[in-house]
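> The sequence isn't on hand, but the structure is:
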């Protein structure tokens with residue numbers, strides 16, 4: 001009988017650094033501090049002083065941003081921008097980034113650099129608060 005092939009690790013990043021449960025999003029919305037600009041809103045919730053894990057990211061991109069292609073592009077750019085700017089965020093924080101409809105225009109006009117600048121501005125404000 002044929003044995004199953006061994007699993008090859010995926011080249012995709014581990015999802016460990018992401019928020020996945022609705023309760024985690026709700027906690028960030030209700031108990032976290034929010035900071036916003038024209039393109040994005042960031043909710044930051046410190047999980048606790050004893051939890052020294054990396055910051056976790058949750059994304060909320062509604063249909064107001066655009067169709068599926070536009071929403072997926074905005075989400076991909078936000079993940080890339082967060083990975084590049086994660087040093088600004090203190091460890092042990094949950095962050096929910098909500099994309100406003102203007103985020104699509106920013107992604108189309110300025111690409112990753114524009115999204116990264118908009119996100120960095122909010123992450124710096126969240127890190128100071």
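That came through, no problem. This structure is a prediction, so every number in the text was calculated from the model and none was measured.
> what's the average pLDDT for stretch 118-127?
Averaging pLDDT along stretch 118-127 yields 90.
> An error on my part: the question was meant for stretch 26-46.
95.
> same check, this time on stretch 90-104
93.
> First-to-last residue distance for that stretch?
Stretch 90-104 has an end-to-end distance of 28 Å (criterion: Cα to Cα, to the nearest Å).
> Show me what counts as buried in that stretch.
92-100, 103-104 (16 or more other Cβ atoms under 10 Å). (Glycine included, C-beta is placed from N, CA and C.)
> The residue most central in space within the chain bridge partners, please.
Most central in the chain under Cα atoms, centre = their mean is residue 57, positioned 4.0 Å from the mean C-alpha point. Counting by DSSP bridges, residue 57 is bridged to residue 18, residue 95.
> got the contact list for it?
17-19, 78-79, 82, 95-97 (Cβ atoms under 8 Å, 6 or more residues apart in numbering).
> In JSON lines: the residues you listed, plus distance to residue 46.
Shown next, in JSON lines, are the contacts of residue 57 (distance: Cβ to Cβ, whole Å):
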{"residue": "17", "distance to residue 46": "16"}
{"residue": "18", "distance to residue 46": "17"}
{"residue": "19", "distance to residue 46": "14"}
{"residue": "78", "distance to residue 46": "21"}
{"residue": "79", "distance to residue 46": "21"}
{"residue": "82", "distance to residue 46": "17"}
{"residue": "95", "distance to residue 46": "10"}
{"residue": "96", "distance to residue 46": "13"}
{"residue": "97", "distance to residue 46": "16"}
